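S.K.: Prediction below, plus the sequence it came from.
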Amino acid sequence: SAGFNRNILYMCDEEGRNALHLAVLNGHWRAAALILREIKVSPHKLTEKGESIYHSIARGIKVKSPSERDYENIQRLNRENWLKERQKKEARLEELKQQNPQLQVPSDLVLGSVSENESSIFGDPKLFLPKYIMFKYHVVLRTQSKEGKDPAQLAEELELYDLAEFYREQMTPHMVKQRIIKSLNENLFREIAKCL
């Protein structure tokens, strides 16, 4: 609306929580997805208590778990956004091919598929947002709060055992290494595309 100031969404409250933290803490999952994706509020921000977005997600799921409707809406928005991003990449690749007809770009590797995108982040509605943040934004999971709890410990304390297990799996050195390699590959492809 005309009178809405978007800058408010980037501000933090007295506890250091931004709009994304507040949305997930209150179980507003669709709003959280929009704030993250469209407004681009940082998921890297820690609260004054030293809690990451993963801590806030655990607290939010305890308040109000994502509904099937939330999940379907987020999945639809994700698919629409993924298709928009793919179209931009396709247009850029076509432009590069026009400039250099001999250019051989592994399009499938650069573009990926919607099923690959969805299979990596969708499944259990409770795990969508942490998976999405982890794989898209590469936010560190090991962060301990000032109370000395990592997200897995907090999820366990809140009796969110599936979430705690997911967090623990993602904190293993093997999974961390895989995510780092994937991130480096994505960045490498972006840099190569810029140079072509």
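M.R.: That came through, no problem. Residues are numbered from 1 along each chain as shown.

S.K.: mind checking how far residue 96 is from residue 26?
M.R.: Applying C-beta to C-beta, to the nearest Å, the value for residue 96 to residue 26 is 45 Å. For the C-beta atoms, the positions are set from N, CA and C on the backbone; glycine is no exception.

S.K.: cool, residue 20 as well?
M.R.: Going from residue 20 to residue 26 by C-beta to C-beta gives 11 Å.

S.K.: go on, residue 50?
M.R.: Distance from residue 50 to residue 26, by C-beta to C-beta: 20 Å.

S.K.: Go through the longest helix along the chain and flag the buried ones.
M.R.: Looking across the chain with DSSP state H, the single longest helix is helix 68-99. The neighbour-count check on helix 68-99 (16 or more other C-beta atoms under 10 Å) flags 70, 71, 73, 74, 75, 78, 82, 86, 89, 93 as buried.

S.K.: rewinding a little: residue 20 and residue 26 - which one has more neighbours?
M.R.: When neighbours are counted by other C-beta atoms under 10 Å, residue 20 and residue 26 differ, and residue 20 comes out ahead with 27 against 15.

S.K.: Do you have the helices of the chain handy? List them.
M.R.: Assigned by DSSP H, the chain shows helices spanning 19-25, 29-34, 53-63, 68-99, 107-111, 114-121, 125-132, 151-157, 161-171, 173-195.

S.K.: and the third one, average pLDDT?
M.R.: Helix 53-63 comes out with an average pLDDT of 95.

S.K.: in that helix, what counts as buried?
M.R.: Neighbour-count burial for helix 53-63 [16+ other C-beta under 10 Å]: 53, 54, 55, 56, 57, 58, 59, 60, 61, 62.

S.K.: Which elements pack onto that helix?
M.R.: Here helix 53-63 touches helix 19-25, helix 125-132, helix 151-157, helix 161-171, going by 3 or more C-beta pairs under 8 Å, 6 or more residues apart in numbering; DSSP states H and E.

S.K.: same deal with the longest one?
M.R.: Here helix 68-99 touches helix 29-34, helix 107-111, helix 114-121, helix 125-132, helix 173-195, going by 3+ C-beta pairs under 8 Å, 6+ apart.

S.K.: Please compute how far it lies from its chain's middle.
M.R.: Helix 68-99 sits 15 Å away from the centroid of its parent chain (C-alpha atoms, centre = their mean, to the nearest Å).

S.K.: got the angle between that helix and helix 125-132?
M.R.: 30 degrees (axes from the mean of the first three to the mean of the last three C-alpha atoms, to 10 degrees).

S.K.: mind listing what the residue positioned nearest the centre of the chain touches?
M.R.: Central residue of the chain (C-alpha atoms, centre = their mean): residue 133, 2.1 Å from the mean position. Residues counted as contacts of residue 133 (C-beta atoms under 8 Å, 6 or more residues apart in numbering) are 36, 43, 53, 54, 139.
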